[in-house]
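**Q** I need the structure of the sequence given here:
(chains A and B)
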Amino acid sequence: MQSIQGILEFIDQIFVNLSFWFSSLLANYLPEWAVTFIMMFATVLVLIVFGLASIIWINIFERKILGRIQDRYGPNRFGPWGLLQCVADMVKLLTKEDITPSRADRLIFNLAAVVPIVPTFMILAVLPFGRGMVATDLSIGFLYIVAVGSLGTIGIFMAGWSSNNKYSILGGMRTVAQMVSYEIPMVLSVVGVILLVGSLSMVSIVEAQGQWRLPFIVLQPLAFVLYFTAAIAEVNRSPFDLPEGESEIVAGYHIEYSGIKFAMFLLAEYVNAFSICAIATTVFLGGWQGPILPSWAWFFLKAYALYFLLIWLRGTLPRLRVDQLMNFAWKTLVPLALANLMVTALVAKLVPQHSLVGAIALLAANLVIIVCIVIVKYPRWKQDKREVVLVSRPPTPQMESS
Amino acid sequence: MTDYALIGLLMVVAAIFPLIAMFLGFILRPRKPAPVKKSTYECGLETVGETWVRFRAQYYIYALIFVIFDVETVFLYPWAVAYNQLGLFALVQMFIFLMILLGGLVYAWQKGALEWV
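**A** Numbering: from 1, shown residues only, chains lettered A, B, ... in the order given. Purely as a prediction, here's the structure:
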């Protein structure tokens, strides 16, 4: 029994031990400041390599599942079951000719390919991938994520503006309007969790869920739905992919990009989509906590389960219209997030922390809000009066047969 | 301090990475420029008129409302972090604050600022 626990503990802490072993190995040969610097550099490299490598399987995962949802195979040519498709794509994009339109603003056009990637990787620094597996546990963790995450907008708008193309500027403008609108509900929905935890640090948020013995999705189901919806819009994923809108504005902000610069935008998009799943896992699903399996395995299991949900939504829902998109953010999500915040604050003051009673009260409060919304939004007396109006079409002119 | 040093280092390395990738592309890619290739993409036509024109005002109205709410969240975060130590008074205060903001949202709604025209 003891030995099994020992083994589990060993597997759980394997990455932490590896980094500790590496730093003590270096300490034999190098002065302390050099060891600190090398360890920092190694952490940064691990994060970036992880971000890049995860594209390979995220991409194939997404395209396979999307293929199955749309009743086709998905990529199946390159490598076993098409698993190396992403590598082939990368090689192809690297060897493609790079075209800068002659009317474009060259400097900003080139710079825009670099800007969206930087914040994408910076978010990874505060995510706790496992017990003790966090690059840096900032005390302002979530605020940092929000602040850094909103920087990506600038890069996308730079791309849209500098291309000097009507489609791309429409895409850029839409991106700014959408990201700005959906940032509010995303930020507000997490305030409820933060006031239960009393800290912005991502590690404390995970540990607080251990103290409650429940993930926050149970205490704050509404906040989870709000966060996830707003976050999907924030990373421009379907059904909120208006900035890209292939069928209306061709490809939106990255229409003029080709080759490796285009790959940079795709890369930023995929890593971003993974990080919103990882953040939702940390804040609402209990992060790395879970029985038996090692902590990092739980984290990735939960994060990729959420990513599957993202793909499922993408395969199922049609794209929204611009006015629907804006109305949804300001008239539905923002009032709901504010209501959730107020009710959570009130209930959290009344009930004891870290207790089952408190948890039930918080859950009940959330359910009450949801029920209220359903009653207000879809009243029965309104439904009864609703009629199905069939639009009568003018008869199609028939060709006169002679 | 080392926390933020790591963030800074990450930022620098993350900015260097796309430059390396672009340099690789620069070495590998073919170069066959042609004036038609470099023209602005349009569906088979020459593009007409200026792109950098004054844009519709609706986008800026949303930006204005956003600023209000974003500043609000700046006030909400410290309040939420210190919530367990604060008394009932802080709760009432924040409720009043939120009510004023909600009033602002309702005003913007009634004025039609949230309508997409």
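**Q** if I look at A:P394, what pLDDT would I see?
**A** Looking at A:P394, its pLDDT reads 61.
**Q** how about B:T2?
**A** Listed pLDDT for B:T2 reads 69.
**Q** likewise the one 10 residues further on?
**A** Note for B:V12: predicted pLDDT of 89.
**Q** OK, contacts around it?
**A** The contact partners of B:V12, taken as CB atoms under 8 Å, 6 or more residues apart in numbering or on different chains, number zero. Where C-beta positions appear, they are placed from N, C-alpha and C, glycine not excepted.
**Q** then the one 10 residues further on?
**A** Listed by CB under 8 Å, 6+ apart, the contact set of B:M22 reads A:113-114, A:260-261, A:264.
**Q** what's the helix or strand for B:F23?
**A** Here B:F23, judged by DSSP states H and E, is contained in helix B:2-28.
**Q** now the nearest residue to A:T316 once chain neighbours are set aside: how far from chain B?
**A** Spatial nearest neighbour of A:T316, excluding adjacent residues (CB to CB, 6 or more residues apart in numbering or on different chains): A:I69 at 7.2 Å. To chain B, A:I69 is 30 Å away according to CB to the nearest CB, to the nearest Å.
**Q** also A:F300?
**A** Using CB to the nearest CB, A:F300 is found at 21 Å from chain B.
**Q** is that residue in a helix, a strand, or coil?
**A** helix (DSSP: H, G, I helix; E, B strand; the rest coil).
**Q** tell me, how many residues neighbour the residue nearest to A:T316?
**A** Using other CB atoms under 10 Å in any protein chain shown, A:I69 is surrounded by 14 other residues.
**Q** gap between stretch A:155-166 and the chain center?
**A** 23 Å (CA atoms, centre = their mean, to the nearest Å).
**Q** now do that stretch: everything it contacts.
**A** A:101, A:103-109, A:111-117, A:119, A:168-173, A:175-176, A:243, A:252-257, A:265, A:268, B:40-42, B:47, B:51-52.
**Q** which ones among these map onto helices?
**A** The helices in this structure, assigned by DSSP state H, contain A:106-109, A:111, A:117, A:119, A:168-173, A:175-176, A:265, A:268 from the contacts of stretch A:155-166.
**Q** select only the buried ones of those in ChimeraX?
**A** The ChimeraX command for the buried members of those (criterion: 16 or more other CB atoms under 10 Å in any protein chain shown) is given here:
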select /A:109,117,119,168,169,170,171,172,173,175,176,265,268
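**Q** give the contact list for the residue lying closest to A:L226 once chain neighbours are set aside.
**A** With sequence-adjacent residues excluded and distances taken as CB to CB, 6+ apart, A:L226 is closest to A:S189, at 3.9 Å. A:S189 makes contact with A:222-224, A:226-227, A:230, A:337, A:340-341, according to CB under 8 Å, 6+ apart.
**Q** which SSE is A:S189 in?
**A** helix A:166-197.
**Q** just the mean pLDDT for that helix, thanks.
**A** 86.
**Q** coming back round to it: ok, of the contacts of A:S189, which come out buried?
**A** Buried, going by 16+ other CB under 10 Å: A:222-224, A:226-227, A:230, A:337, A:340-341, out of the contacts of A:S189.
**Q** now pLDDT and secondary structure too, for those residues, in JSON lines please.
**A** Shown next, in JSON lines, are these (pLDDT from 0 to 100; DSSP: H, G, I helix; E, B strand; the rest coil):
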{"residue": "A:L222", "pLDDT": "89", "secondary structure": "helix"}
{"residue": "A:A223", "pLDDT": "90", "secondary structure": "helix"}
{"residue": "A:F224", "pLDDT": "91", "secondary structure": "helix"}
{"residue": "A:L226", "pLDDT": "90", "secondary structure": "helix"}
{"residue": "A:Y227", "pLDDT": "92", "secondary structure": "helix"}
{"residue": "A:A230", "pLDDT": "91", "secondary structure": "helix"}
{"residue": "A:A337", "pLDDT": "88", "secondary structure": "helix"}
{"residue": "A:N340", "pLDDT": "88", "secondary structure": "helix"}
{"residue": "A:L341", "pLDDT": "87", "secondary structure": "helix"}
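**Q** chain B: which of those is nearest?
**A** Nearest to chain B among these is A:L341, at 7.4 Å by CB to the nearest CB.
**Q** sketch out the low-pLDDT regions of chain B for me.
**A** Residue ranges of chain B with pLDDT under 70: B:1-2, B:117.
**Q** most remote residue from it's center?
**A** B:K32 (37.0 Å; CA atoms, centre = their mean).
**Q** and that one, its phi and psi?
**A** Backbone torsions of B:K32, given as degrees, to the nearest 10, read phi -140, psi 70.
**Q** please name the nearest non-neighbouring residue to it.
**A** What sits nearest to B:K32 in space, not counting adjacent residues and going by CB to CB, 6+ apart, is A:E97, at 6.5 Å.
**Q** what sits against B:F97?
**A** By CB under 8 Å, 6+ apart, the residues touching B:F97 are B:72, B:75.
**Q** does it belong to a helix, a strand or coil?
**A** Per three-state DSSP, the local secondary structure of B:F97 is helix.
**Q** report the longest helix in chain A, please.
**A** Chain A, longest helix under DSSP H: helix A:32-69.
**Q** for the record, mean pLDDT for it?
**A** Average pLDDT, helix A:32-69: 86.
**Q** so what's the residue nearest in space to the middle of chain A up against?
**A** In chain A, the residue lying closest to the centroid (CA atoms, centre = their mean) is A:I276, at 2.1 Å. By CB under 8 Å, 6+ apart, the residues touching A:I276 are A:228, A:231-232, A:234-235.
**Q** so where do the strands sit in chain A?
**A** For chain A, no strands are identified by DSSP state E.
**Q** where does the prediction get shaky in it?
**A** Along chain A, the model assigns pLDDT under 70 to residues A:1, A:379-402.
**Q** on that earlier part again, you'd agree the residue nearest to A:T316 is up against A:W312?
**A** Yes - with contact defined as CB atoms under 8 Å, A:I69 reaches A:W312; the gap is 7.1 Å.
**Q** so which residues on the stretch 201-350 of chain A come close to chain B?
**A** Contact residues (CB under 8 Å from any CB of the partner chain) of the stretch 201-350 of chain A with chain B: A:250, A:255-256, A:259-261, A:263-264, A:322-323, A:326-327, A:330-331, A:334-335, A:338, A:341-342, A:345-346, A:348-349.
**Q** any idea how far A:P294 is from A:W288?
**A** 9 Å (CB to CB, to the nearest Å).
**Q** shared neighbours, these two?
**A** Common neighbours of A:P294 and A:W288 (CB under 8 Å, 6+ apart) are A:G130.
**Q** neighbour-wise, which of those two wins?
**A** Higher neighbour count among A:P294 and A:W288: A:W288, with 28 against 19, using other CB under 10 Å.
**Q** which non-adjacent residue is nearest the more buried one?
**A** Distances taken as CB to CB, 6+ apart put A:S295 closest to A:W288, at 3.7 Å, once the chain neighbours are dropped.
**Q** next one: B:L101
**A** B:E72 (5.4 Å).
**Q** just the element for that neighbour, please.
**A** helix B:58-81.
**Q** list the buried residues of that helix.
**A** Those would be B:58, B:61-62, B:65-66, B:69, B:72-73, B:76-77, B:79-81, for helix B:58-81 by 16+ other CB under 10 Å.
**Q** try stretch A:354-366
**A** Of all the residues in stretch A:354-366, those buried under the rule 16+ other CB under 10 Å are A:358-359, A:361-363, A:365-366.
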